[in-house]
Structure formats: structure tokens, C-alpha cells
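Got a predicted structure here, sequence first:
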Amino acid sequence: MSEATPLLQVKKLVKKYNNKTILNGIDLTVDKGKVIVILGPSGCGKSTLLRCLNGLEDIQDGSILFAGQELIDPKVSWQKIRQQIGMVFQSYDLFPNMTVLENVLLGPIKVQKRDRAEALAQARELLQRVDLADRENDYPRQLSGGQKQRIAIVRALCMNPEIMLFDEVTASLDPEMVREVLNVILQLASQGMTMVIVTHEMNFARSVADEIIFLDNGNICEAGHPEDFFNNPQTDRAKQFLNILQF
């Protein structure tokens, strides 16, 4: 991949459920090291877009390019691509019968066939970074929601992805647990991780984003620098959205 090639590029993406259009010709460019935050009302297609980027939804038209490779191709192995395009969901999806460490090591050892000692060293280093090194032998039932979500992030990072997708990762958390998860993502941004984030946390979006994408009814209504979007939105729809939130 040359320096000029975006890490991820979406061109004219269309997603339909039956006859209903969910995403209507989306164009999106994500350069390496950048953080894109997608905002918009519930049901506008934000989560669906992330799922398309990760191959969890098929699309009806358009293309998705990752490091210059066209992903809308029957020959593409999404199992391999998902190792490079990590995703963390609103639900933690940890295996309840496995310890924290077993959950984190499952992908690197079983899927990537990596050396256990090497994967173990990385897992423990990542757990240290999210302040959960002392919980590696605990089971998910022993953790708070915020701790489970941090483990889900560590599990994805331990696959060494090129880009991370975050889909409303704080939506199911109690308010006091939200900050501990957002702090982990802010730390990743400071370290240069490429990310696409769907969130309803406006202050977080403003602080972490290189670019805001405002989505409504399956269309990108506005895109720009976070300070421009929050201080001087250009469209009536964006103004209405921010006024409702009293931002």
C-alpha cells in the first residue's frame, strides 16, 4: 500500500433490506492513523455501515477497498480480512466459560496459529494497558460491564488489526463505567490507531475525531472537522440534531 492509498475506502455503497434502502450511495475515506466518528439519529444506518465494512452484511451496490484490495469479491476471505479490520460491539460477546486470558488468547492461538508464549506476552501487556492485569484469571461473570468491554477491546487488539471499528461500545454501560472505556479508545487514538467509531457521546466524539460524518436516513448529510461540525454545522438537519441534544 502506497502512502497515498487510503487504508479503507467506500465508494457508492448501497445496502438494502428487502426493498428498503438503509445506506444510499455512501462514500467514505479512512486514511491510516485517522479517527472517523459517525454520528446520527438512531436507525439512520450507522451500525449497518460498520457491519458492511466488516463483511457482516452483504451490500447491493458499490465497493469497499481495504489497503487497495476490493473486498466485494467472492474470492475474498473475510475470516482473514476480519483479523485486520477489528470490531468491538455494544455487547461484549465474551465466552462465559473461559477466563479473561483464555478469551483474549483464543483468536491469536486458534485462528492466527501464533506462538502461545508470544501471544501471552502481548495479551498481558494489553491487559496492563487497560488496568486489568490483575483480572486475567477471572471469568466474565466476575467483571463489571466496563471491565468486560475493555476485555473485548483487548481481545480485538490482540489480533493486531490495521483498523478498529467501534459500534456504540458504551451504549449498554452504566454512566460511571462509560469513561473507563472511552479512555481506552482515547489512548488508542493518541497511539495512532486507525478507527471508525459510532457513538452517541458527543464530547468524546469532539475530542477523539479527526473527521465527523453525520449520517441521516442512509445518507451522509455533512462531513468535516469536529470543531466545524459542532460550532458551525452547515445543514439544517445537523443543526436540528445538535439542538435536540442541547450540545
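Good, I have the coordinates.

Can you check the distance spanned by stretch 201-215, start to finish?
15 Å (C-alpha to C-alpha, to the nearest Å).

Mind checking the pLDDT average for that stretch?
Mean pLDDT, stretch 201-215: 96.

now swap in stretch 145-158 and tell me
95.

In the protein, what residue spans correspond to helices?
46-53, 78-84, 100-106, 116-129, 145-157, 175-190, 202-208, 226-231, 236-244 (DSSP state H).

For Asn231, the count of nearby residues, please.
Using other C-beta atoms under 10 Å, Asn231 has 10 neighbouring residues. All C-beta atoms are positioned from the backbone trio N, CA, C, and that covers glycine.

can you pull the pLDDT of it?
pLDDT, Asn231: 94.

Might one say that Val130 is in contact with Gln149?
No: with contact defined as C-beta atoms under 8 Å, Val130 does not reach Gln149; the gap is 9.7 Å.

can you list residues touching both of the two?
With contacts defined as C-beta atoms under 8 Å, 6 or more residues apart in numbering, no residue is shared by Val130 and Gln149.

Between these two, which has more neighbouring residues?
Gln149 (28 against 20).

Give the closest residue to that one in space, chain neighbours not counted.
Among residues not flanking Gln149 along the chain, Val181 sits closest, at 4.9 Å (C-beta to C-beta, 6 or more residues apart in numbering).

so what's Ser63 up against?
Ser63 touches 10-13, 70-72, counting by C-beta under 8 Å, 6+ apart.

who does it bridge with?
Lys11 (DSSP bridges).

what is the residue nearest the centre of the chain paired to in the beta sheet?
Taking C-alpha atoms, centre = their mean, the centroid of the chain lies closest to Leu165, which sits 1.6 Å from it. Counting by DSSP bridges, Leu165 is bridged to Met87, Val196.

hang on, isn't it packed against Leu50?
Yes: assessed by C-beta under 8 Å, Leu165 is found in contact with Leu50 at 4.9 Å.

joint contacts of those two?
Residues touching both Leu165 and Leu50 (C-beta under 8 Å, 6+ apart) are 87, 196.

Can you pull out the low-pLDDT segments for the protein?
Residue ranges of the chain with pLDDT under 70: 1-3, 246-247.

Quick one: the contacts of Ser63 as TSV, columns for neighbour count and distance to Phe230 too.
Shown next, in TSV, are the contacts of Ser63 (neighbours: other C-beta atoms under 10 Å; distance: C-beta to C-beta, whole Å):
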residue	neighbour count	distance to Phe230
Val10	22	24
Lys11	16	28
Lys12	12	28
Leu13	22	26
Glu70	13	35
Leu71	19	32
Ile72	16	34
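
quick check, nearest of those to Lys32?
Comparing those against Lys32 with C-beta to C-beta places Val10 closest, at 15.5 Å.

Quick check: the closest one vs Asn97, distance?
The gap separating Val10 from Asn97 is 37 Å, by C-beta to C-beta, to the nearest Å.
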